[in-house]
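1. sequence plus predicted model, see below.
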Amino acid sequence: MNIALIYDIARWEERALLEASRKLSVNMTPLHVKSKVFPVEGLRENADIGLQRSLSHALALSSTVLFESSGLRVVNTSKAISLAQDKLWTLTLLSKAGIPTPKTVVAFSEQSAMEAAKMIGYPVVVKPVNGSWGKLVSLVEDDETLRVILEHKAFISNPQFKIHLIQEYVRKPGRDIRVFVVGDEVPVAIYRVSSHWITNTARGGLAMPAPIDEELGNLALKASEALGVEVSGIDVFEDPERGYLVNEINAVPDFRNTVAVTGYDLPAKMVEYLVREAKR
Amino acid sequence: MPQARCPICGRNVQVPEDVLPGEVLDHECGVSLEVVIDGGKILLKPLEIGEDWGE
């Protein structure tokens, strides 16, 4: 059994996965995508399965496509990664699957973004379709602030920033929930607590163990199924009236803080899942 | 333990025996460094956070 650990930057998470494999007597080979040259028909690796851990969205997707092209089964699949990377795509699929999400409107121009905000009602959250770690996500209280933000975005050359997701501001109880899904299990979850409205731990949110009730577990499984992700981190808001709302799905989730505060051996769980999948 | 030179402060950096290409090392001068292995030689460069990095 050989698992390919596909990565660009090796952080605590990648070291933890290698260590978990060693403890489980499973061979895991680190594959640094930036050190490789890939023919378009794919790169044949001596591996039974791959785990995609690249931090760069572009590298994660492209390298998964190339490994899949050579016949290697990669977790998550290129399709699941591309769906999860795109917040609009994610929200449409979640909505189609009947999963509650924050009310969101999409606008392709500054003028329609202003209309969208009025439709939702201030305060609103403005975010790009493809972003990470809470970057370029703004809480907007009024027309004038939105106008300034849109004006600034107009000077960003990347056309993706001209697609505006305007979302209702969910009055979270000072936290959100990160739920981990591995295969058909929901092994662990954390609260991300912050006095700031952005609760990402990459932005200073404090991680704390969170209970997983039946409703949350089922919701996380349904959400991962809607996108076809196998190993994921699902971000859930708690709305005072509507209950759980799924906000985002992460196909290459960070888990250092989760392991630190829960003591749960998530890397081992992932390795065990990969071994099971490779044997299928 | 292998050593490499910090491109920022010029001092030596202790590198683990089993260091990986792309590994992030935090140096005492305050900079995060990315390991580059070129023809078996270990080099360090300042870690530049990519625009599309993250979950």
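-> Sure thing, it's come through. Residues are numbered from 1 along each chain as shown, chains lettered A, B, ... in the order given.

2. next, give phi and psi for the closest residue to chain B within the stretch 1-150 of chain A.
-> Closest residue of the stretch 1-150 of chain A to chain B, Cβ to the nearest Cβ: residue A:132 (2.7 Å). C-beta here means a position set from N, CA and C on the backbone, and glycine is covered the same way. Dihedral pair for residue A:132: phi -150, psi 160, per degrees, to the nearest 10.

3. from what I see, residue A:183 and residue A:273 are in contact.
-> Yes: between residue A:183 and residue A:273 there is a contact at 4.8 Å, judged by Cβ atoms under 8 Å.

4. burial check on the residue of the stretch 1-150 of chain A closest to chain B, number of neighbours?
-> 22 (other Cβ atoms under 10 Å in any protein chain shown).

5. anything in contact with each of residue A:183 and residue A:273?
-> Common contact partners of residue A:183 and residue A:273 (Cβ atoms under 8 Å, 6 or more residues apart in numbering or on different chains): A:230-231.

6. and residue 25, how many neighbours?
-> With no chain named, the answer covers chain A. Neighbour tally, residue A:25, other Cβ under 10 Å: 7.

7. that answer is for a different chain, and I need it for chain B
-> By other Cβ under 10 Å, neighbour count at residue B:25 equals 19.

8. residue A:154 now?
-> Residues near residue A:154, counting by other Cβ under 10 Å: 10.

9. can you tell me how far the spatially closest residue to it that is not a sequence neighbour is from residue A:57?
-> The shortest distance from residue A:154 to any non-neighbouring residue, by Cβ to Cβ, 6 or more residues apart in numbering or on different chains, is to residue A:110 (6.9 Å). The gap separating residue A:110 from residue A:57 is 25 Å, by Cβ to Cβ, to the nearest Å.

10. so those two - more neighbours on which side?
-> Set side by side, residue A:110 and residue A:57 show more neighbours around residue A:57, with 24 against 16, by other Cβ under 10 Å.

11. does the helix or strand hosting residue A:181 come close to chain B?
-> Per DSSP states H and E: residue A:181 is located in strand A:175-182. No: counting by Cβ under 8 Å from any Cβ of the partner chain, chain B is not contacted by strand A:175-182; separation bottoms out at 9.3 Å.

12. now for that strand, which elements pack on it?
-> Applying 3 or more Cβ pairs under 8 Å, 6 or more residues apart in numbering or on different chains; DSSP states H and E, one finds that strand A:175-182 makes contact with strand A:185-193, helix A:214-227, strand A:231-239, helix A:266-279.

13. how about those, which one is nearest chain B?
-> strand A:231-239 (6.4 Å).

14. who touches residue A:146 in this structure?
-> So residue A:146 contacts A:113-114, A:117, A:124, A:126, A:140 (Cβ under 8 Å, 6+ apart).

15. let's see 10 Å
-> A:110, A:113-114, A:116-118, A:122, A:124, A:126, A:138, A:140, A:164, A:166 (Cβ atoms under 10 Å, 6 or more residues apart in numbering or on different chains).

16. surely it is within a helix?
-> Yes: assessed by DSSP: H, G, I helix; E, B strand; the rest coil, residue A:146 belongs to a helix.

17. what pLDDT does the model give it?
-> Looking at residue A:146, its pLDDT stands at 97.

18. go on, residue A:209?
-> 98.

19. just the CA atoms of the strand holding residue A:181, as PDB, please.
-> Written as PDB, here are the backbone C-alpha positions of strand A:175-182 (Å, rounded to 0.1, in the frame of the first residue of the first chain):
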ATOM      1  CA  ARG A 175     -18.700  31.800  16.600                       C
ATOM      2  CA  ASP A 176     -19.200  29.400  13.700                       C
ATOM      3  CA  ILE A 177     -18.600  25.700  13.400                       C
ATOM      4  CA  ARG A 178     -16.100  23.800  11.400                       C
ATOM      5  CA  VAL A 179     -17.200  20.200  10.900                       C
ATOM      6  CA  PHE A 180     -14.900  17.600   9.400                       C
ATOM      7  CA  VAL A 181     -16.200  14.800   7.200                       C
ATOM      8  CA  VAL A 182     -14.100  11.800   6.300                       C
END
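
20. from the contacts of residue A:146, which ones fall inside strands?
-> A:124, A:126, A:138, A:140, A:164, A:166 (DSSP state E).

21. chain B contacts on the stretch 151-280 of chain A?
-> A:158, A:160, A:178, A:200-202, A:232-233, A:235, A:248-255 (Cβ under 10 Å from any Cβ of the partner chain).

22. correct me if wrong: residue B:2 contacts residue B:44.
-> No: using Cβ atoms under 10 Å, residue B:2 makes no contact with residue B:44, being 11.2 Å away.

23. residues contacting the residue nearest the centre of chain A?
-> The residue lying closest to the centre of chain A (Cα atoms, centre = their mean) is residue A:250, at 1.2 Å. Residues near residue A:250 by Cβ under 10 Å, 6+ apart: A:76, A:84-85, A:90, A:132, A:178, A:180, A:229, A:231-235, B:54-55.

24. cool, and residue A:232?
-> By Cβ under 10 Å, 6+ apart, the neighbours of residue A:232 are A:76, A:80, A:84, A:179-182, A:220, A:223-224, A:248-253, B:55.

25. ok so, going back, out of the contacts of residue A:250, the closest to residue A:98 would be?
-> residue A:90 (14.6 Å; Cβ to Cβ).

26. any idea how many residues pack against that closest one?
-> With other Cβ under 10 Å as criterion, residue A:90 counts 24.
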